[in-house]
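Engineer: Quick one: sequence plus predicted model below, questions after.
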Amino acid sequence: MADRKLILPDRRRRRLITGLGAIGATAALTGCDSLSRNEQVQGFLNNTQWLTRYAQRLAASRQSLAREFDKSMIAETFRPNGTTNPSNDGYQQMAANNFIDYRLKIDGLVDKPGEFSLEQLKAMPSRTQITRHDCVEGWSCIGQWTGAVLGDVLDQVRPKDSARFVVFHCADNTYGGPVKYYESLDMIEAYHPQTLLAYGLNGADVPVANGAPIRLRAERQLGYKNAKYVMRLELVDSFKTIQGGMGGYWEDRGYEWWAGI
Amino acid sequence: MTESKDVSSPPRADQSAAGHAVIKRHGWATRAWHWLNAVCLLVLLMSGLQIFNAHPALYWGDTSHFDSPLLTMGAFRGPDGDPQGAVRVLGHQFNTTGVFGLSDLNGEPTQRGFPGWATLPSTQWLGMGRNWHFTAAWIFVPSLLAYLLYTLISARRRRMIFPTGGQLKSLPATIWHHMLFRFDHKRDYNGLQKLTYILVLFILLPLMILTGLTMSPTMNAAWPWLLDVFGGRQSARTIHFICAFSLVAFFVVHILLVLVSGVFNNLRSMTSGGYRIKQPRNNSEHSARG
């Protein structure tokens, strides 16, 4: 009986279907751009990253390693992206002196704030790994990184229990803009065994184009997390008050803080 | 309720043809799922093209061999000095000005892979494209997995999707009939339909999801076998792209067949559920089928 009812208002149904289809198509074509500019929509869509983080943290253990590759896979030139030569005088002077004056400051929620010279970082136990760098744009590049394990460095400054994130403050003004690049990792990624403060690339010092003298390697995250020209680590319980408050230069510009995918 | 009235009233054009019956072809869950998928897949495709435009090139293997891509889209100056859009595939170059490589965006010729009308958002905005993509994926993937699981465990759905021996044997005839645009309107899907749905549901869509996950550095650490199965992150990205356009091809054929094999009957079956078939009405049978 229900079947009978289905056929009766056929002409009206056809008009309705055609009408709805036309409205839907028009809305889809014109609506998505205005939706994309709506802050609430942006916030909603951006928030699915926390679901992704939760799911990926379930799938990947704290210690699960990024794949390491054979020497033969190393790219001839490691493709630089973002800033390739910070133009400010402070950085230029330091680079001219071969970074002898470089000091990595570590402060914030730590018991023993400190400064580390390049010498001191190189004197610590090192790790060398041939890994794949995955840019958010879609390309990949393989390089051999050598550096101090970030977890070891953090142990020396003794993070307080309230520390939840490590914020990496950098020397470069991205694209010559007014603000300095910065990034942040939570303590799980910061203490991952492959997370390095890297000073070596392919057996030599990290070139300026790739982040000299110190570049972060967070191998389970996309390229923009791997901050170059790292000058200062700040341990915080929240990054809400730093720059745009989203935990990183690109995060402040709509990219996800969780850069695992 | 209205059975007696129906019998006594003069027959209408729609129901008078002898040997036709209207069955309930799709339940509400299938219909809702279908349209949810339609929206999700459109968002996934268009935001995917936005993401692709951030680096409009494809490679094979673990990493990007920038000097030997499989495919690139870009703009360059032609012999007359005017900018041209081009697609290069395996060393062959095609002039695609206006569509790929170089197209008008808000009235300005712009260098980009796919044109603005095909991407979400229309202008270059990778961060927003990613947000759309992953949100749509979070809606699409769980509902697909639930559907596939249900299809595998329900005997009724297995009958609906998996072809019978007879259907497989008459496959050449079915293909021939489709080429002649002769369509049978029966209660069940035909063999060709079933094989197509199996290809899409059990091969293409799972491949999309798995190759998508293979591009995630965290998933590479969690499930390193993904890299072995697909031959590396860049291969996975290329397969993701190829599968996406296989789905576009499915969509084009799907729409074409919906149009030529009785557009309103088909649309009705996917909106209110009713579908007219060439078969006498038999109440007991379709009530059993739900």
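Structural biologist: On my side now, so go ahead.
Engineer: Please make it C-alpha for all contacts and neighbour counts, starting now.
Structural biologist: Fine.
Engineer: The residue nearest to B:A136 when sequence neighbours are not counted: what's it in contact with?
Structural biologist: Computed as CA to CA, 6 or more residues apart in numbering or on different chains, the closest residue to B:A136 that is not its neighbour in sequence is B:C40, at 5.3 Å. Neighbour list for B:C40: B:136-137, B:139-140 [criterion: CA atoms under 8 Å, 6 or more residues apart in numbering or on different chains].
Engineer: Show me these that map onto helices.
Structural biologist: Among the contacts of B:C40, the ones falling in helices (DSSP state H) are B:136-137, B:139-140.
Engineer: Can you list the low-confidence ranges for chain B?
Structural biologist: B:1-18, B:279-290 (pLDDT under 70).
Engineer: Check the secondary structure at B:P121 for me.
Structural biologist: Following DSSP: H, G, I helix; E, B strand; the rest coil, B:P121 is assigned to coil.
Engineer: measure it to A:S36 for me?
Structural biologist: To A:S36, B:P121 is 7 Å away according to CA to CA, to the nearest Å.
Engineer: Those two: who's more crowded?
Structural biologist: Using other CA atoms under 10 Å in any protein chain shown, the more surrounded residue of B:P121 and A:S36 is B:P121, with 26 against 20.
Engineer: isn't that one right up against A:C32?
Structural biologist: Yes. Judged on CA atoms under 8 Å, B:P121 makes contact with A:C32 at a distance of 6.7 Å.
Engineer: Can you check which residues contact both of B:P121 and A:S36?
Structural biologist: B:M128.
Engineer: Name the SS class of A:Q129, please.
Structural biologist: With three-state DSSP as the basis, the three-state label of A:Q129 is strand.
Engineer: That one: how many residues sit nearby?
Structural biologist: If you count neighbours by other CA under 10 Å, A:Q129 ends up with 21.
Engineer: bridging residues for it?
Structural biologist: As for beta bridges, A:Q129 partners with A:W145 under DSSP bridges.
Engineer: and it, how far is that from B:A221?
Structural biologist: Per CA to CA, A:Q129 is found 14 Å from B:A221.
Engineer: do the same with B:L120
Structural biologist: Relative to B:A221, B:L120 is positioned 30 Å away (CA to CA).
Engineer: Kindly report the same for A:L197.
Structural biologist: Noted for A:L197: a distance of 20 Å to B:A221, by CA to CA.
Engineer: Which of the two has more residues huddled nearby?
Structural biologist: Counting neighbours by other CA under 10 Å for A:L197 and for B:A221 shows that A:L197 has the greater number, 28 against 25.
Engineer: Pretty sure the more buried one sits against A:W145.
Structural biologist: No. Using CA under 8 Å, A:L197 is not in contact with A:W145, being 9.4 Å away.
Engineer: any idea how the chain splits into domains?
Structural biologist: You didn't pick a chain, so chain A it is. Domain segmentation of chain A under automatic domain parsing yields A:2-54, A:65-253.
Engineer: that's the other chain; I wanted chain B
Structural biologist: Using automatic domain parsing, chain B is parsed into the domains B:17-56+B:119-289, B:65-113.
Engineer: Quick check on B:P83: phi, psi?
Structural biologist: Main-chain torsions, B:P83, degrees, to the nearest 10: phi -70, psi 140.
Engineer: what ranges do the helices span in chain A?
Structural biologist: Under DSSP H, chain A gives helices at A:2-7, A:10-37, A:39-59, A:89-96, A:118-123, A:150-157, A:187-190.
Engineer: do you know how far the residue nearest to B:A136 is from chain A?
Structural biologist: Applying CA to the nearest CA, to the nearest Å, the value for B:C40 to chain A is 12 Å.
Engineer: Show me the beta-bridge partners of A:L197.
Structural biologist: Listed beta-bridge partners, A:L197: A:A148, A:L216 (assigned using DSSP bridges).
Engineer: cool, and the one 4 residues further on?
Structural biologist: Beta bridges link A:L201 to A:W145, A:A204, judged by DSSP bridges.
Engineer: before we move on, the earlier item: quick one: which of the domains of chain A has the weakest pLDDT on average?
Structural biologist: Ranked by mean pLDDT, those bottom out at domain A:2-54, which scores a mean of 74.
Engineer: buried stuff in stretch B:244-262?
Structural biologist: Neighbour-count burial for stretch B:244-262 flags B:244, B:247, B:250, B:257, B:261 (criterion: 16 or more other CA atoms under 10 Å in any protein chain shown).
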